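S.K.: just to be clear, the model below is a prediction. Sequence and coordinates:
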Amino acid sequence: MATTLIVLGVVAAVGGIVVFALSSRLVATMLLAFGALAGVTGWLLPVASRADALKTGGLAAGSVVALYALWLNDRRRRVDEERQLLEHERQELETARATHDRERAADERFLRAVELLGHETDQVRVGAMHALAGLARSRPSYTQDVLDVICSYLRRPFEHPEYHQARAATDDYAGEPEAMADRWRVVRMTAQRLLADLLPRVGDPDAHAYDLDLTGATLEYCDLSYRVIGQLRARALKLYRSNSFHHCEVRGPTWFTNTESWGRLWLHHMEFSDGAWFKQMRVHSIVDFGHTVFHSEVKFDGSTFEGTTGFADTRFDGIVDFSTLTLTGPVTPPPGWQVEDQGLVRV
C-alpha cells in the first residue's frame, strides 16, 4: 500500500507540474496537494502509524495550498501595482494634454491681442492691452513677453501738438490732427499704467526683476515708482510733463543715454545695483536724484541739466564720472561735491 501511495503521489505531482505550466493553476494545485498527501503518507507508513502518516501528509498538502495562496496574493498585488501605474500614466497624459491645450489657448490669446494692437480704433487697442495684462496675471510665464510687447508699443513713433509746443519747435507740426493724436495718447497712457501694474512692487516677497526696453519711447506722466526692475534700457527717451522712477529698485544695468526731458523727472530714493549711464542726457526742467544709491559705476559725462537739479544725500559706492556735465540751473550737490564752473567737483 505504501508503494502504491508513493507512486500515486509522484504521478499526481508530475501531472500537477505539467498542468500548472500549461493550463489551470487551481487544478494543478489540487493535483500537487494530492500528490503531496499521497507521497508523504506512503513514505511514512512503514515507519509510523497510519494516523501520524495521514496527519503529516495532510500538512504537506496544506503547505502546497498555502504556497498557492501566497502566489495568488502576490500575483494580485502585482496586477494592482500595474493597474495603478497605468492609471498614473493615464493621469499624467491627461494633465500634459490639458496643459498643452491651455498653453495653446494662451498662445492664441497672446497672438490675437498683439494683432489687435495695430487696429485702427483706439478702443480695440485699449482692449488688447488689457487682454495682454490679463494673460500675464493668469500665466506669469508670459509676463516678460507682455512687458516686451507693451514697451514695443511705447517705442512706436508718436507726436502730439502739445509735445511740439513743449519743445518750442520752430518747424511746422507734421503729426496727426490733435483729436486723433489724443485718441492714441489715451492708448499710450493705458500702456504706461499697465506697465506699472505688471511690475512687482518694492518689498514684495520673491519679487522677480523683469527687464524693460524703452529705447526711443515717448512717455508722458509715466509713473513706475516703487517698482522692482531688472535691466532698464531707457536710451533716447522723449519725456514730457512729469515722469517718475523714484523709489525704484533697479537690479541690472541702466541706460538713460541720449534721453531728453521737457518736464519734471523724478529719480530720487532709487537704488541701482549695477552700472548706470546718464551720458549725453538733456533735461530742460527739474531732475531729482536725491537720496538715490548707486552701488556700481555711474556716468553723467556730456549731459546737460538746465533746470533745478538735486543730488541731496545721493550716495556713490562706485566710480562716478561728472566730467563735462553742464549745470545751468540751481543745484543741490551730493555730499563731498560742490558746484564749480557749471559742473561738479570734489571738495
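M.R.: It's in. Numbering: from 1, shown residues only.
S.K.: tell me which residues touch the residue lying closest to Asn243 once chain neighbours are set aside, please.
M.R.: With sequence-adjacent residues excluded and distances taken as Cβ to Cβ, 6 or more residues apart in numbering, Asn243 is closest to Cys222, at 4.7 Å. Placement of C-beta: from N, CA and C, glycine included. By Cβ atoms under 8 Å, 6 or more residues apart in numbering, the contact set of Cys222 is Gln192, Leu195, Ala196, Leu239, Asn243, Ser244.
S.K.: just the residues you listed: which are in strands?
M.R.: Among the contacts of Cys222, DSSP state E puts Leu239, Asn243, Ser244 in strands.
S.K.: out of those residues, which is most surrounded?
M.R.: The most crowded member of the ones in strands among the contacts of Cys222 is Leu239, carrying 25 neighbours; neighbours defined as other Cβ atoms under 10 Å.
S.K.: please name the residues that touch the spatially closest residue to Ser303 that is not a sequence neighbour.
M.R.: Closest residue to Ser303 apart from its sequence neighbours, by Cβ to Cβ, 6+ apart: Met281 at 4.1 Å. With contact set as Cβ under 8 Å, 6+ apart, Met281 has these partners: Phe256, Thr257, Asn258, Thr259, Glu260, Phe300, Gly302, Ser303, Thr304, Phe305.
S.K.: tell me the one of those nearest Arg112?
M.R.: For the contacts of Met281, the residue nearest Arg112 by Cβ to Cβ is Thr259; the value is 33.8 Å.
S.K.: my read: the closest one touches Ala236, true?
M.R.: Yes. Counting by Cβ atoms under 8 Å, Thr259 does reach Ala236; the two are 6.3 Å apart.
S.K.: between the two, who's got more neighbours?
M.R.: Comparing Thr259 with Ala236 by other Cβ under 10 Å, the one with more neighbours is Thr259, at 25 against 18.
S.K.: give me phi/psi at the residue nearest to Ser303?
M.R.: Here is the backbone geometry of Met281 (degrees, to the nearest 10): phi -90, psi 140.
S.K.: quick one: secondary structure of the residue nearest the centre of the chain?
M.R.: Nearest to the geometric centre of the chain sits Ser141, at 3.9 Å (Cα atoms, centre = their mean). Using DSSP: H, G, I helix; E, B strand; the rest coil, the structure places Ser141 in helix.
S.K.: shift numbering so it begins at 41
M.R.: Done: numbering now begins at 41, and the last item shifts to Ser181.
S.K.: against His335, how distant is Phe351?
M.R.: Using Cβ to Cβ, to the nearest Å, Phe351 is found at 16 Å from His335.
S.K.: and those two? which has more neighbours close in?
M.R.: Phe351 (25 against 15).
S.K.: just to check, the more buried one is in contact with Phe329?
M.R.: Yes. In this structure, Phe351 is within contact of Phe329 by Cβ under 8 Å, at 5.1 Å.
S.K.: intersection of neighbour lists for the two?
M.R.: Here Phe351 and Phe329 have Pro374 as joint contacts, going by Cβ under 8 Å, 6+ apart.
S.K.: just the mean pLDDT for stretch 186-205, thanks.
M.R.: Here stretch 186-205 scores 95 as its mean pLDDT.
S.K.: burial measure for Ala231, as a count.
M.R.: The burial count for Ala231: 25, using other Cβ under 10 Å.
S.K.: how about it, what does it touch?
M.R.: Met169, Ile190, Tyr193, Leu194.
S.K.: for the last one, which non-adjacent residue is spatially closest?
M.R.: The shortest distance from Leu194 to any residue other than its chain neighbours is 4.2 Å, reached at Ala257 (Cβ to Cβ, 6+ apart).
S.K.: in which helix or strand does Asp353 reside?
M.R.: Assigned by DSSP states H and E, Asp353 belongs to no helix or strand.
S.K.: I figured it hits Val333, correct?
M.R.: No. Contact between Asp353 and Val333 fails when scored by Cβ under 8 Å: they sit 9.5 Å apart.
S.K.: show me what contacts Ala221?
M.R.: If you count contacts by Cβ under 8 Å, 6+ apart, then Ala221 has Phe198, Glu199, His200, Pro201, Gly215 around it.
S.K.: pull out the buried positions in the helix or strand in which it is found.
M.R.: Assigned by DSSP H and E, Ala221 belongs to helix 218-238. Judged by neighbour count (16 or more other Cβ atoms under 10 Å), helix 218-238 contains these buried residues: Ala221, Trp224, Arg225, Val227, Arg228, Thr230, Ala231, Gln232, Leu234, Leu235, Leu238.
S.K.: what do you get for stretch 351-370?
M.R.: Here stretch 351-370 shows Phe351, Thr354, Phe356, Val360, Phe362, Leu365, Leu367 as buried, counting by 16+ other Cβ under 10 Å.
S.K.: and the nearest residue to the fourth one once chain neighbours are set aside, what are its bridge partners?
M.R.: Pointing back at Val360 there. Counting by Cβ to Cβ, 6+ apart, Val360 lies nearest to Val338, which is 5.1 Å off, once chain neighbours are set aside. Taking DSSP bridges as the rule, Val338 bridges to Ala316, Val360.
S.K.: give me the number of residues near the closest residue to Gly369 other than its chain neighbours?
M.R.: The spatial neighbour of Gly369 that comes closest, neighbours along the chain excluded (Cβ to Cβ, 6+ apart), is Gly347 at 4.6 Å. For Gly347, the neighbour count with other Cβ under 10 Å is 18.
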